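In: okay, here's the prediction I keep looking at, along with the sequence it came from:
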Amino acid sequence: MAAAAAAVLHALVALSLAGAVAAAGRGGEQPLSRIGIHRTTFAIQPGASVDASPLLLGLEGQDREWVTLTYNNPKPSKDDWIGVFSPANFSDSTCPSESQWVEPPLLCTAPIKFIFANYKNLDYEKTGKGSMKLQLINQREDFSFALFSGGLSNPKLIAHSKRVTFTNPKAPVYPRLAQGKSWNEMTVTWTSGYGTNEATPFVKWGLQGQIQSLSPAGTLTFSRSIMCGPPARTVGWRDPGFIHTSFLKDLWPNFKYTYRIGHRLSDGSIIWGHEYSFQAPPYPGEDSLQRVVIFGDMGKAEADGSNEFNDFEPGSLNTTYQLIKDLKNIDMVIHIGDICYANGYLSQWDQFTAQVEPIASSVPYMVGSGNHERDWPGSGSFYGNLDSGGECGVPAQNMFYVPAENREQFWYSIDYGMFRFCIANTELDWRPGTEQYKFIEHCFSSVDRQKQPWLIFLAHRVLGYSSASFYVEEGTTEEPMGRESLQPLWQKYKVDIAMYGHVHGYERTCPVYENVCVAKAASHYSGAFTATTHVVVGGGGASLADYAGVRARWSHVQDRDYGFAKLTAFNHTALLFEYVRSRDGSVHDSFTVSRDYRDILACGVDNCPTTTLAS
């Protein structure tokens, strides 16, 4: 019996580690996967201690606070580390039944973050004493800190702290805006600890300075059992709380609105979140200044330096900070997949929504599906790898709203002023004859280019062109069957720009069709459409990819650095594309497009029907 249970344990661990290895091929390691939490032993060390201060957080309504730790170990080692656990009673966790333990391990829940004891304490190995500040966010539960020896692979619990808690752990937090299914609808999604049997969620909102109205919110959650595998079903599981979405309808174009999320308790009292504001979208086709930021693969990083493993900080934080810094010049953000790299460690979704709150609470934060959100064997994903860590799309589909007909499919379109964005889901089949292929063609064919001249295709994996070394090693410069399936549509419907993530860096092509530069790459394009320009903007924050040594003729600019794209539509005839580096906000590459409506109607290569001389 014990041998059988041990075999199951090893199989689960091997599967989880295999996921980490698969992710490593694309620079998507989850730092928490390094911790062998199932191997923890109980070894309280006399004289060892961890003290945290303050023990009560959020006294003035803060959703995040810094906690000071002081700790001591009479027998220090460079491998000592501190784990932050939530709930605080981490040793009382119940292992999931599917693991079939004979005797449950001491711990079967991973910490929400960790840091080595000698971090910025250079004499720790000599003195055994250290101190540091760690940032906590309100995540619906209390916290405790534990000091371990034995390194990450064989943890020995030697001391733990008292309980730390927020004054109201259930408070509504981290609102994220998204455009609804119609241009004049904004959705507000947030997280709380209040189920509908305890409180009624709503949004108080209205035109700035005028009478406010109330809109109800729907409530969703999900359970461990709906996860597809480990670690999401095992050591990575953490209760996601309740996710609420309200629909703010019939907005006046370009007007400024204020809003506040809240919950009405059964006794009639109200628990409020903070107050925020946003500007309503422009009317589709409206001639005004419109600015949209696009990137992929940002991930989540910790401002306190914890959890670091694979370059997510400073890349992820630099991108976040640059967007916050320039927020007054941004109307919408589109994050095209590989959102936070939780990879089955559910606590990281809260951490990410807290990180992007200053952005997502002010402008629509639209997301796409990537391999680290969706892929899992036997789950219906187009790729049978382990990159989602057993999530198989469930957290992404619940934590963020997208105006898709089917949230499970996660493909959708956005009409924003003079832009039409067609957002594909590369983790589901896109080839001719599929439902997604029909969606893509309909998205292209149904746009009125007189009103919305700028047609943009977005997807996570590279369905166009990339010089990434991992593609070249496979004998291709794209996802297999990618552009072969879709380039007739791009050309026929004159898609201006196609953008992708997945490759962690930046690359821009010439206007290219069937591997040939139809026009010379330039900093300015004018006149009739020739071919789609393909851009990889996967440098949001995850560890950078390598490029192949041989440069293809269609590859115009490459940058192995962190950054994002910004599209600015000045009017119906002038578009600016900029690639901005995250570390300093500098524009590293740019081009402009000048194109009249008659230029869009003009014939190019393979994009006009045959004609006859018949009258």
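Out: Happy to help now that I have it.
In: A strand includes Val472, no?
Out: No: counting by DSSP: H, G, I helix; E, B strand; the rest coil, Val472 is located in no strand; its state is helix.
In: that one: what's its closest spatial neighbour, skipping adjacent residues?
Out: In this structure, Val472 finds its nearest non-sequential neighbour in Ala548, 3.9 Å apart by CB to CB, 6 or more residues apart in numbering. Every residue, glycine included, has its C-beta placed from N, CA and C.
In: for Phe421, same thing?
Out: Nearest residue to Phe421, sequence neighbours excluded (CB to CB, 6+ apart): Ile414, at 4.3 Å.
In: quick one: contacts for the one you found?
Out: 179, 332, 334, 366, 403, 420-421, 423 (CB atoms under 8 Å, 6 or more residues apart in numbering).
In: would you list every one of the helices in the chain?
Out: For the chain, the helices defined by DSSP state H occupy 2-24, 124-127, 312-325, 347-355, 357-360, 371-374, 394-399, 435-445, 469-473, 482-492, 597-601.
In: which pLDDT value goes with the most centrally placed residue in the chain?
Out: Taking CA atoms, centre = their mean, the centroid of the chain lies closest to Ile339, which sits 1.6 Å from it. At Ile339, the model reports a pLDDT of 97.
In: circling back to that earlier point, to Pro155, which of the helices of the chain lies closest?
Out: With CB to CB as the measure, helix 2-24 is the member of those nearest Pro155 (14.2 Å).
In: residues touching the closest residue to Trp81 other than its chain neighbours, list them.
Out: Using CB to CB, 6+ apart and skipping residues adjacent in sequence, the residue nearest Trp81 is Phe116, 4.9 Å away. By CB under 8 Å, 6+ apart, Phe116 lies in contact with 78-82.
In: now with 10 Å?
Out: 78-82, 124, 130, 132, 151-152, 305-306, 308 (CB atoms under 10 Å, 6 or more residues apart in numbering).
In: right, and Thr533 touches Lys520 too?
Out: No: Thr533 is not in contact with Lys520 according to CB atoms under 10 Å; the separation is 11.8 Å.
In: and the closest residue to Val503 other than its chain neighbours, how many residues sit next to it?
Out: Leaving aside its chain neighbours, Val503 sits nearest to Ala468 (4.2 Å; criterion: CB to CB, 6+ apart). For Ala468, the count of nearby residues is 24 (other CB atoms under 10 Å).
In: swap in Glu141?
Out: For Glu141, using other CB under 10 Å, the count is 20.
In: doesn't Pro240 make contact with it?
Out: No: proximity of Glu141 to Pro240 does not meet the contact threshold set by CB under 10 Å, at 11.5 Å.
In: what is in contact with those two at once?
Out: Common neighbours of Glu141 and Pro240 (CB under 10 Å, 6+ apart) are Ser347.
In: thought Arg176 was touching Val402?
Out: No: counting by CB under 10 Å, Arg176 stays clear of Val402, with 11.1 Å between them.
In: strands along the stretch 501-615 of the chain, start to end?
Out: Assigned strands in the stretch 501-615 of the chain, in chain order: 506-513, 516-517, 524-526, 533-537, 555-559, 563-571, 574-581, 587-594 (criterion: DSSP state E, counting those that start in this stretch).
In: could you give the angle of the longest one to strand 533-537?
Out: Using axes from the mean of the first three to the mean of the last three CA atoms, to 10 degrees, the interaxial angle of strand 563-571 with respect to strand 533-537 works out to 140 degrees.
In: using CSV, write out every CA atom in strand 563-571.
Out: The C-alpha trace of strand 563-571 is given here as CSV (Å, rounded to 0.1, in the frame of the first residue of the first chain):
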residue,chain,number,x,y,z
GLY,A,563,9.2,46.5,-24.3
PHE,A,564,5.7,47.0,-25.8
ALA,A,565,4.0,48.4,-28.9
LYS,A,566,1.9,51.5,-29.0
LEU,A,567,-0.5,52.3,-31.8
THR,A,568,-1.7,55.8,-32.3
ALA,A,569,-4.5,56.6,-34.8
PHE,A,570,-4.5,60.4,-35.4
ASN,A,571,-7.3,60.2,-38.0
